[in-house]
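Peer 1: based on what follows, work out the 3D shape:
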Amino acid sequence: MASISSMGIGSGLDVEGIISKLMAVEQVPLTKLDTKEASYQTKISALGSLKSAVSSLNGALASLVPSGSQTAITKYSSYKASVGNSSAASATAGTSAVAGSYSLEVLQLATTHRVSTIARAHELTSAQFGSEADAIDQGTLEITVNGTTTQITVDDGNDTLGELALSINNADAGVTAAIEDDEFGFKVLVLTSNTGGSAGEMSVSGIAGFTYDPETQTGDLTQTQAAEGGYTSANASIAEGTLEITVGDGTTRTITIDSSNNTLAGLRDAINDAGVGVTAALTTVSENDVRLVLTSNTTGSSGKITMSGLTGFGFDPTTGSGDLSQASADGGEAAQSSKIKLNGVTVTKESNTISDVVQGVTLSLTGVTTAATTLTVTQDKSSSLTAALSKVVDAYNELNTSVHDLQYYDKETKTGGILLGNSTLRTVSSSIKNIFQSAVSGTTGSDYKYLSNLGLEFQKDGSIVFDSGKLITATNDDFEAVASMVATFGSQAKTLTDGMLSDEGTITAATDGLQASIDALDDQRERLRERLEKIEARYVAQFSALDSLIAQMNSTSTYLTQQLANLPSVSKKSS
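Peer 2: All right, here's what the predicted structure looks like:
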C-alpha cells in the first residue's frame, strides 16, 4: 500500500481514514473468496471422513473374500475341540482338523526337573517311656546348638517327661521338643533342631537318659535324623573347583568356582550367566536355611539335570542320589515325560502341550485321568461367518452414521450437514446400500440370495441389525450355499468400494475438483490483489491532488482576507 501518513496536513481532512474505508469496500470480493475457500476446504475434509468410512468397510469386506488357494467352504469352515473331562485336558482345533471322536486317557503329566540343596534338621529321640508323667532325673540339662549352650534346670517342678519337653520349648534353646508315640505305643521325647543342616547339630548332656555327643554319635538319645547339608545364608562359603552340568543327553558345560564366586549366591549367578539350560535361584526356608534350587529349562525327561565335579553339588538323576535332592519334600521334582493313551495307543511326549498326535488339534494336559474320557472334534459352520459378517455390519453402520452426519437437515434451525445435497455423497451412499440390499449374483435357485436371509436386516435409520441366530439356522441348512453367497457378495462389494477409493474413483474425483476450485480462487485472489493495489494508488493520487488544491484555496482565502482588511474605510458625510 502506498504511504499516506502525511496526507491531510494541508487540507485538514482525514484522508488516511477516508482511503482506508474506501479500500475496505473494495476488498469485499477478496473476503468472499476467502469464505469460499474455507467452504471448499471444509468439504474436502468431509470427503476425507467419507473416504475413511468407505475404506474401513472395504477392509471388512476383504475379510469375506477367500484367498487364491481357498474355496468359500474351506475359508469359512472351522472346528471346535473339547475334552469331556475338562480337569484332565483342554483342546483347540485349527483349520486342518477333521471331525471325529477319540478315547483319551492322561496317564502322566510331563514335569520339569528341579533339584535343591538340602538342609535336614538334626533329630534325636529318647528311650521309651510309659507316659508323659513318668519321672526323670533332676539336674541341669545342657543343650548346645551352633556354638550356643542353653542350661535348663530340672527339679521337683518339672521332673516328668512332659514337663521336660515344656521346659525345653520355653527355654528358647534353638530346639523344638515334642512327645510322640513310637510304633509300639510308647512315649518318646523327640528333639528337633530349629536350624537345618550341619549348623543345627545338637549336643545334649547333664541328665541321665538325655545325653548325646555328635562327634562320636553316642549317648542316651538316638540320632533318628542326621544333620545334613544346609547353608545359613546366600553368602555361605562353598568349595572351589569345576562344576559340570548336563541337561538330558546334551553337551556337558563347565562352570569354574574360585575365590571370586565361592559362595552360594556366587554359584547361582555363575550358573545363570553360563546359559547351561538351567535356571538357578535361592530359596530361604528359614532364618538359617537358604537353599540353591536348579530348574531345568527343558520340560520332560529330556530335561534331566546331571551335576558333578564340585564338592557338595553332585547329583545323578538316574538313581536320584547325590548332594542335592529331587524329592518334593525338599522342594525338588523328578523329571518325567507326559504320557497319554489315545484310542488305546500309548503316546509319550516331552511336554504337556501336544499338537502332533491328532490332526489339527492341540491338547493341553492338566491332570491325570482315572478313566477314559472323550476328545471330540466337530465342524463349526457359523463362527467364522458370524465374526466376518459382524465386522462388515459394524463398518457399514459407521459409514451410515458418517453419511447421516454429513447430509442431515434441521428444519427448525434450517441448517444442514457439510455435504448436504452433494452428488458424490449420494452416489456413494446409494451404491453401497443398493449392493447390500440386492440379490447376490450367482444365487439363482438358492434359498439364500440376500443378506437378509442371513440375518442382516436394514432399519429405518439406514443401519443394519445382525441376527446371528438366523445365520446359524442357514448354515445348518445349507452351509455350502451360504458360504458361496457370502464370498461372492464380499468380492462384489469390495470391487465396488475399491473403485470408489481408487485414484480415478468418485471420492477422489470430487476431492480433486474442490482442490482445483481452490487453485482457481488463488489465481483470482492474486489478480484481485493487483487490482486493489492500483485502486489504492489511484485513491492516494486523487486525494493528494485534492489535499493540495484545498491547501492552495485556503492560502488564497487567507491572502484575500488580509488584503481586504487593509483597504481604507469609506464613510458617508452627513447632509
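Peer 1: I'd like the next helix or strand past whichever strand or helix holds Thr74.
Peer 2: Element membership for Thr74 (DSSP states H and E) is helix 72-76. Per DSSP H and E, the first helix or strand lying C-terminal to helix 72-76 is strand 78-83.
Peer 1: I'd like to know which elements the longest helix anywhere in the chain is packed against.
Peer 2: Longest helix in the chain, counting residues (DSSP state H): helix 506-566. Counting contacts by 3 or more CB pairs under 8 Å, 6 or more residues apart in numbering; DSSP states H and E, helix 506-566 packs against helix 15-26, helix 28-62, helix 423-437, helix 468-501. In short, each C-beta sits where N, CA and C put it, glycine included.
Peer 1: how long is stretch 315-324 from one end to the other?
Peer 2: By CA to CA, to the nearest Å, the extent of stretch 315-324 from end to end equals 6 Å.
Peer 1: now do that stretch: distance to the chain's middle.
Peer 2: Chain-centre distance of stretch 315-324: 41 Å, with CA atoms, centre = their mean, to the nearest Å.
Peer 1: also stretch 512-527?
Peer 2: That offset, for stretch 512-527, works out to 49 Å (CA atoms, centre = their mean).
Peer 1: kindly report the same for stretch 447-459.
Peer 2: Counting by CA atoms, centre = their mean, stretch 447-459 comes out at 37 Å from the chain centroid.
Peer 1: how far off centre is the helix holding Thr74?
Peer 2: On CA atoms, centre = their mean, the centre of helix 72-76 falls 31 Å from the chain's centre.
Peer 1: wait, Asn352 sits on Gln336?
Peer 2: No: using CB atoms under 8 Å as the test, Asn352 is too far from Gln336 to be in contact (10.9 Å).
Peer 1: which residues do those two both contact?
Peer 2: Residues within reach of Asn352 and of Gln336 at once, by CB atoms under 8 Å, 6 or more residues apart in numbering, are Leu109, Ala110.
Peer 1: can you map out the strands along the stretch 151-300 of the chain?
Peer 2: 175-181, 187-196, 202-205, 222-225, 228-229, 241-247, 253-257, 278-286, 289-299 (DSSP state E, counting those that start in this stretch).
Peer 1: I'd like the next helix or strand past the longest one.
Peer 2: For strand 289-299, the succeeding helix or strand toward the C-terminus, using DSSP H and E, is strand 305-308.
Peer 1: so after that next one, what's the next helix or strand?
Peer 2: strand 315-316.
Peer 1: I'd like to know which elements that next one is packed against.
Peer 2: Judged by 3+ CB pairs under 8 Å, 6+ apart, the packing partners of strand 315-316 are strand 305-308, strand 321-322.
Peer 1: which one of these has the lowest average pLDDT?
Peer 2: Of all the helices and strands packed on strand 315-316, mean pLDDT reaches its minimum on strand 321-322 (a mean of 92).
Peer 1: can you name the element that comes right after that one?
Peer 2: From strand 321-322, the next helix or strand downstream (DSSP H and E) is strand 324-325.
Peer 1: so what does that following strand touch, helix or strand wise?
Peer 2: Against strand 324-325 (3+ CB pairs under 8 Å, 6+ apart) you get strand 112-117.
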